[in-house]
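K.L.:
This is a predicted model, with the sequence first.
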Amino acid sequence: MVARTNPVPKLIALHARGRFAEMEKLARSLLRRDAPPVINELLGMALCGQRRFAEALAPLQDAARVGRTDAQFWENLALCQRELGQFADAEQSLRTSLSLRPFAPETLTALGSVLRSLLRHGEAEAALRRALEIAPRNAATYFNLGNVLADIGRLAEAETCFGQAIAIEPASARAYANLAVLLWDQARNRDAEIAARDALARVGKPGGSGGGDADLVAEAAAGVLARVGKAEEAVAIYRATGGYRHAPGRMLDAFSAARRACDWDLATTIEAEAQRKDDGFWTLGPASPHPLLLMGRATAAEHLVVARTQAQQYAALPPVPRSSVQTAARDRLRIGYLSNDLREHAVGAVMAGVLEAHDRARVEIIGYDYAPPNTSELRSRIERAVEKLVSVRALSFADAARRIAEDGCDVVVDITGWTAGTRSPILAARPAPTQVQWLGFAGTMGAPWIDYIVADSVVAPAGEEGAFSEKIIRLPHSYSPTDDRRTVRPPPSRAALGLPEEGFVFCSFNQPRKVTPEVFDCWLRLLSEVERSVLWLSSFSEAGTSVLRGRAAARAIDPDRLIFAPWTQGRDEHLARLARADLALDCYPYGAHTTASDLLWAGVPLVGLAGSTFVSRVSASILGAAGMADFVATSLEDYHDLALRLARDPAGLAQAKQRAAASRRTPLFDTGRFTRNLEQTYREIVERQRSGLAPDHVTIAEASAAGPAVAASVIE
């Protein structure tokens, strides 16, 4: 009689060699009524190895049910449940495994990861630190602990953990990738790029046979490369992996990189893919909401869903105790501004005037700053304009919230939102009784900790309240501030700027990623229709410049008619040169913000294009406040026709330039009046809070030129 050979070692050997399909076939051939539970377990592992997690669940459940005293069965079931997003079930499976094998560091590490997914960061950290007590040199544990600490803003500790993981396991591509993301979040771009390249060197060719986790690592590194100016390399990775089809975060990161690189073919492909997704796709995982604002066909409803999903990661952060100071007894309101942009930045440029214009007899202003080190004149103005500037850059989210709470602010205003380098989750801990978002992010933040969004009746018209998680404050004229203290130097000559002395100069100084093929083709059409005209653009990358010049040549337009302005360090220099343009052309859907008011201040008319979302209406808001609402089109064809009419009508263009210059005397450029309206907003919402009323939509009435705003009215 021939003894049966034990098939388990062969199945395990196939697993070790990554031959999962063969492993599956053999395991299925061994399934029978009296098969030991390990066969089901190994079948499940074979299916997991092929990323067929939904199919793997049943055999793994059968293995755990039959072999309920085997801790490994429960752990493997938990790993499958985690991949399927069944985090509560995974937690229970891991706790069952730990009841059978209490001192298993791998199980504690997996539990820490699952608890992180459940947003129970304190418990996750405890499980991971317990695992390190048992096995101090476990790279996976340090990696997971680094992720937990990064989630809650303990960035220095997270960096140390990723460094420990790399020291223990130098081949750990994912530790390098997450370290790269962490460093970029701190504006340490050179270090971030080095770490990203280290990750790529260890992961192999993207989109290769490794797939799965290897592609995730490659894409994380690609996201960093795109943000540090290497978008073309990033796009090559995204093209190879195709991961944008599978998750919102991967899709929006790839889309952002494609737009930065002016790879409009890939950007169009991704946007078409996004249109095919149902509403549930955007809830599959967190994603930076900012790239979605660049998608022309994305709706306000989609903006809200993505923002809410992003905010959910932080909603469980515990509240911090607030100061016991009786704020009602103070003579002045205490207003805090939380930002990464109180520096040489587009937001800082328009905020400086507002900070200086605040009425110090009625409001006290504190800046909570997490910007990179900055010594510019603009930064100095901001430092002088606030009563104190508190750095929270090195603090965790919880510690920063506690620091803000100590000051007993009546209102804290987030002026960064979901933009680069954000630490907006600080406010998830509710350090102030009333919290507002304004200016930095052009749309809803979807964050339950933000009570209000500062807007106006153009960017957030009546009837569209459902597109916002916040209650809407509608300021008169525009929500966008300006700085009326700016001066404009005499402009340099056209020749000094590389422009022709004669001929018509169209311009667009929007960031390259805002330019779409549809709008650019409209610009080329204008060049073909206006003799001796040129298009003056902001600086593009070498690859982006090549794309634009090639597209012009393909339409029989001399590429030399595209003129790229070099980057300037000083805002005064930039404002001065703008005056040499004849007509500015906006982008869509993400158009000009500070750039729009800069152009008008320099006396250059702007043709705007408005759509159905907050971000696509900002230039319309600014032009309306400048008395130039008739320069806003609502279709690309009307936009083209308006620009062409002005370019062909010297008298009409001269009048348009006069109106742009005269806009300096409109409410758009009355920083004092704007700030009085803003202060009236703060008084209204603080009074509601002190009276025990819930936040509600607010419309602020016009301020007089000589005094404070008249009483506001609450709607709804």
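P.N.:
Received, thanks.
K.L.:
what about Q680, distance to A647?
P.N.:
According to C-beta to C-beta, to the nearest Å, Q680 stands 42 Å off from A647. All C-beta atoms are positioned from the backbone trio N, CA, C, and that covers glycine.
K.L.:
right, I mislabeled it, should have said E687
P.N.:
Distance from E687 to A647, by C-beta to C-beta: 51 Å.
K.L.:
what do you get for I365?
P.N.:
44 Å.
K.L.:
now do Q275
P.N.:
Note on Q275: its distance to A647, by C-beta to C-beta, is 34 Å.
K.L.:
Okay, domains of the protein per the record?
P.N.:
Segmentation of the chain into domains, based on automatic domain parsing, reads 332-475, 495-669.
K.L.:
And the last one, how far out from the chain middle?
P.N.:
Here domain 495-669 shows a centroid-to-chain-centroid distance of 26 Å under the convention C-alpha atoms, centre = their mean, to the nearest Å.
K.L.:
Now that domain: average pLDDT?
P.N.:
Mean pLDDT, computed over domain 495-669, is 97.
K.L.:
Between its first and last residues, how far does that domain reach?
P.N.:
Domain 495-669 has an end-to-end distance of 31 Å (C-alpha to C-alpha, to the nearest Å).
K.L.:
Can you verify E364 is assigned to a strand?
P.N.:
Yes: under DSSP: H, G, I helix; E, B strand; the rest coil, E364 falls within a strand.
K.L.:
ok, what's across the strand from it?
P.N.:
R334 (DSSP bridges).
K.L.:
how close does it get to L292?
P.N.:
Taking C-beta to C-beta, one finds E364 at 37 Å from L292.
K.L.:
And these two? Which one has more around it.
P.N.:
The neighbour count for E364 versus L292, taken as other C-beta atoms under 10 Å, is higher for L292 (26 against 19).
K.L.:
quick one: contacts for the more buried one?
P.N.:
L252, A298, E302, H303, V306 (C-beta atoms under 8 Å, 6 or more residues apart in numbering).
K.L.:
can you redo those residues as TSV with distance to R190?
P.N.:
As requested, the contacts of L292 are arranged in TSV below (distance: C-beta to C-beta, whole Å):
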residue	distance to R190
L252	25
A298	33
E302	35
H303	33
V306	30
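K.L.:
so which of those is the most crowded?
P.N.:
V306 (29 neighbours).
K.L.:
Which residue is the nearest non-sequential neighbour of that residue?
P.N.:
Among residues not flanking V306 along the chain, P289 sits closest, at 4.7 Å (C-beta to C-beta, 6 or more residues apart in numbering).
K.L.:
rewinding a little: more crowded one of Q275 and A647?
P.N.:
Neighbour tally, Q275 and A647, criterion other C-beta under 10 Å: the higher count belongs to A647, 22 against 11.
K.L.:
What sits closest to the more buried one if chain neighbours are left out?
P.N.:
With C-beta to C-beta, 6+ apart, the residue lying closest to A647 is V530, at 4.6 Å.
K.L.:
coming back round to it: can you tell me which of the domains of the chain is most buried?
P.N.:
Each of the domains of the chain was scored by mean neighbour count; the highest is domain 332-475, a mean of 21, by mean count of other C-beta atoms under 10 Å.
K.L.:
start to end distance for it?
P.N.:
Domain 332-475: ends 22 Å apart by C-alpha to C-alpha.
K.L.:
hmm, back to that, S117: which of the domains of the chain is closest?
P.N.:
Across the domains of the chain, S117 has its closest neighbour in domain 332-475 (16.5 Å, C-beta to C-beta).
K.L.:
what about the closest one, distance to the chain center?
P.N.:
16 Å.
K.L.:
I453 falls within a strand, correct?
P.N.:
Yes: under three-state DSSP, I453 falls within a strand.
K.L.:
Look up how far S538 lies from it.
P.N.:
28 Å.
K.L.:
before we move on, what about L111?
P.N.:
Counting by C-beta to C-beta, the gap from L111 to S538 is 50 Å.
K.L.:
Low-confidence stretches in the protein?
P.N.:
1-4, 208-211, 324-329, 569, 703-716 (pLDDT under 70).
K.L.:
let's see it at 50
P.N.:
Applying pLDDT under 50 to the chain picks out residues 1-3, 210, 326, 705-716.
K.L.:
In it, where's the longest helix?
P.N.:
Criterion DSSP state H: the longest helix present in the chain is helix 671-690.
K.L.:
Give the buried residues for it.
P.N.:
For helix 671-690, the buried set under the neighbour-count rule, 16 or more other C-beta atoms under 10 Å, comprises 671-686, 688-689.
K.L.:
how far away is the closest residue to D641 other than its chain neighbours from L475?
P.N.:
What sits nearest to D641 in space, not counting adjacent residues and going by C-beta to C-beta, 6+ apart, is A633, at 7.9 Å. The gap separating A633 from L475 is 24 Å, by C-beta to C-beta.
K.L.:
Show me where the stretch 351-500 of the chain has its helices.
P.N.:
377-385, 397-406 (DSSP state H, counting those that start in this stretch).
K.L.:
Nearest to G498, out of those helices?
P.N.:
Of all the helices of the stretch 351-500 of the chain, helix 377-385 comes closest under C-beta to C-beta, at 26.6 Å.
K.L.:
List of residues touching that closest one?
P.N.:
342-344, 348-349, 351-352, 355-356, 358, 365, 367, 389, 571.
K.L.:
Need those in a markdown table (columns: distance to T269).
P.N.:
Shown next, in a markdown table, are the contacts of helix 377-385 (distance: C-beta to C-beta, whole Å):
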| residue | distance to T269 |
| --- | --- |
| L342 | 38 |
| R343 | 36 |
| E344 | 36 |
| G348 | 36 |
| A349 | 36 |
| M351 | 38 |
| A352 | 41 |
| L355 | 44 |
| E356 | 47 |
| H358 | 48 |
| I365 | 47 |
| G367 | 43 |
| L389 | 45 |
| R571 | 37 |
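K.L.:
Now flag whichever of these is closest to Q50.
P.N.:
R343 (49.5 Å).
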